[in-house]
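Visitor: 3D, please:
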Amino acid sequence: MNSSDLKNDSYLSIEGVSKKFEQFQAVRHTNLKIRKGEIFCLLGPSGCGKTTLLRMLAGFEQPSEGRSFWMDRN
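Guide: This next block holds a predicted model:
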């Protein structure tokens, strides 16, 4: 899958997103595509990066690597 595939028909997508805090890798090479009208749930154990991922999607944190697209805008 390439970046044009991720952007097409998606409302929100991330490509290769990672977040590192000093030596701690909070999120590692994550890809996600959510289409308009789709219901989405983010599940996982404590400390796996759920909140960090949501903070990056909301713009409160900048990813160390990768890109995000909202309504086909980078």
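Visitor: quick one, helices of this structure?
Guide: Per DSSP state H, the chain carries helices over the ranges 3-7, 50-58.
Visitor: which residues sit in contact with the residue lying closest to W70 once chain neighbours are set aside?
Guide: Nearest non-adjacent residue to W70, counting by C-beta to C-beta, 6 or more residues apart in numbering: L12, 5.4 Å away. Using the backbone N, CA and C atoms, a C-beta is placed for each residue, glycine as well. Going by C-beta atoms under 8 Å, 6 or more residues apart in numbering, L12 touches 32-34, 57, 68-71.
Visitor: Which members of the residues you listed are positioned in strands?
Guide: Among those, the ones falling in strands (DSSP state E) are 32-34, 68-70.
Visitor: Could you point out which of the residues you listed is nearest to G47?
Guide: Using C-beta to C-beta, L32 comes nearest to G47 of these, at 19.0 Å.
Visitor: Run through the bridge partners of the closest residue to that closest one other than its chain neighbours.
Guide: Nearest non-adjacent residue to L32, counting by C-beta to C-beta, 6+ apart: I14, 4.8 Å away. Legend: beta-bridge partners of I14 under DSSP bridges are L32, S68.
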